[in-house]
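Asks: next come a sequence and a model predicted from it.
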Amino acid sequence: MTQFFFFFFLVSFKDVQSLEKLLRDAIIYGQPRTRRAWKKILILVEGIYSMEGSIVYLPQIVALKKKYKAYLYIDEAHSIGSLGPTGRGVVEFFGMDPRDVDVCMGTFTKSFGASGGYLAGRKDLVDYLRAHSHSAAYATSMSPPVAEQIIRSMKLIMGLDGTTQGKRRVQQLAKNTRYFRQRLSQLGFIIYGNEASPVVPLLLYMPAKVAAFARHLLNRYKIGVVVVGFPATPLAEARARFCISATHTREMLDKVSITEAAGLGPRFLKILTMPNNESTHQTEEKISSVA
């Protein structure tokens, strides 16, 4: 039986350095008990990390993949349809060659507005999965209406419908993302993730407050937001996760970024008007106390 070495990769630069060390150790020492060599080494990464809003360091990972002759598997669930000039995901975002990625997986439930998912790779790999995968052999096929929704969404994003609407939506999403992140930063909120990531985690810190925060936004302002706490995040880093859309207007984004949601708005505005001689530490402490 083929032996694989799996590595789930995180998002900081130090993790890239750690990845290289793990790859070297896997090659030098082999399997833990027998010390036999691994037949294949598979690196698994996400295009956009859903809890952090961070974009993977793909160029560095591809370089390591080639250097140590490993295989690369990318989960594009949050990046397909949202990153890159034409929405083709994190590979296009960095201007990389798609052939550098061995397996590319994604979902049809987000950018495509449907259900199900896909897995792309070499023809022999896809043929093998179709013949031997449990989900392919024992699950039912996708319904025709859902398949048609996916096809139409793909044509729109790729410009095969004869219009530039898909490209304009991708560009508008990028503009909305940058604008929303800048507005939250200006108001003093602590947000995570890359500037180009449409997943925007806003730190709330108080685990007991996350559910009330979501209810307050929905009931009073008709704003839907996903809140996440322990164990999906560290105990003291509960957060609200905003997912930006191309159809959001500036008025909608401004409403979210200046609202008095959960009693945060006025207090943050007071913090912003503090004299410049106030210490940054003191400001951050006040922000944490009202989060």
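Replies: The structure has been received and is ready for your questions. Numbers count the residues shown, from 1 in each chain.

Asks: can you give me the strands in this structure?
Replies: 4-8, 40-46, 48-49, 54-55, 71-75, 103-107, 117-121, 199-205, 226-228, 238-243 (DSSP state E).

Asks: any residues touching the fourth one, and which ones?
Replies: The one in question is strand 54-55. Taking CB atoms under 8 Å, 6 or more residues apart in numbering as the criterion, the residues outside strand 54-55 that touch it are 11, 47-48, 79, 83, 90, 93, 192-194, 196-197. For every residue, glycine as well, the C-beta is placed using N, CA and C.

Asks: distance between that strand and the chain's centre?
Replies: Averaging C-alpha positions (CA atoms, centre = their mean, to the nearest Å) puts strand 54-55 6 Å from its chain's average.

Asks: alpha carbons only: can I get stretch 239-255 in PDB?
Replies: Once non-C-alpha atoms are left out, stretch 239-255 reads as follows in PDB (Å, rounded to 0.1, in the frame of the first residue of the first chain):
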ATOM      1  CA  ARG A 239     -14.700  36.900  16.100                       C
ATOM      2  CA  ALA A 240     -17.400  38.000  13.600                       C
ATOM      3  CA  ARG A 241     -16.800  37.000  10.000                       C
ATOM      4  CA  PHE A 242     -18.100  39.200   7.300                       C
ATOM      5  CA  CYS A 243     -18.200  37.800   3.700                       C
ATOM      6  CA  ILE A 244     -18.200  40.600   1.100                       C
ATOM      7  CA  SER A 245     -20.200  40.400  -2.100                       C
ATOM      8  CA  ALA A 246     -19.900  42.200  -5.400                       C
ATOM      9  CA  THR A 247     -23.500  43.300  -5.000                       C
ATOM     10  CA  HIS A 248     -22.900  45.200  -1.800                       C
ATOM     11  CA  THR A 249     -23.100  48.900  -2.300                       C
ATOM     12  CA  ARG A 250     -21.000  51.500  -0.500                       C
ATOM     13  CA  GLU A 251     -24.000  52.500   1.500                       C
ATOM     14  CA  MET A 252     -24.400  49.000   2.800                       C
ATOM     15  CA  LEU A 253     -20.700  48.700   3.600                       C
ATOM     16  CA  ASP A 254     -20.800  52.100   5.400                       C
ATOM     17  CA  LYS A 255     -23.800  51.000   7.400                       C
END
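
Asks: can you list the buried residues in that stretch?
Replies: 239-244, 246, 248, 253 (16 or more other CB atoms under 10 Å).

Asks: next one: stretch 16-30
Replies: Judged by neighbour count using 16+ other CB under 10 Å, the buried positions of stretch 16-30 are 16, 19, 22-23, 26.

Asks: same check on stretch 162-179?
Replies: Under the neighbour-count criterion of 16+ other CB under 10 Å, stretch 162-179 has 166-167, 169-170, 173-174, 176-177, 179 buried.
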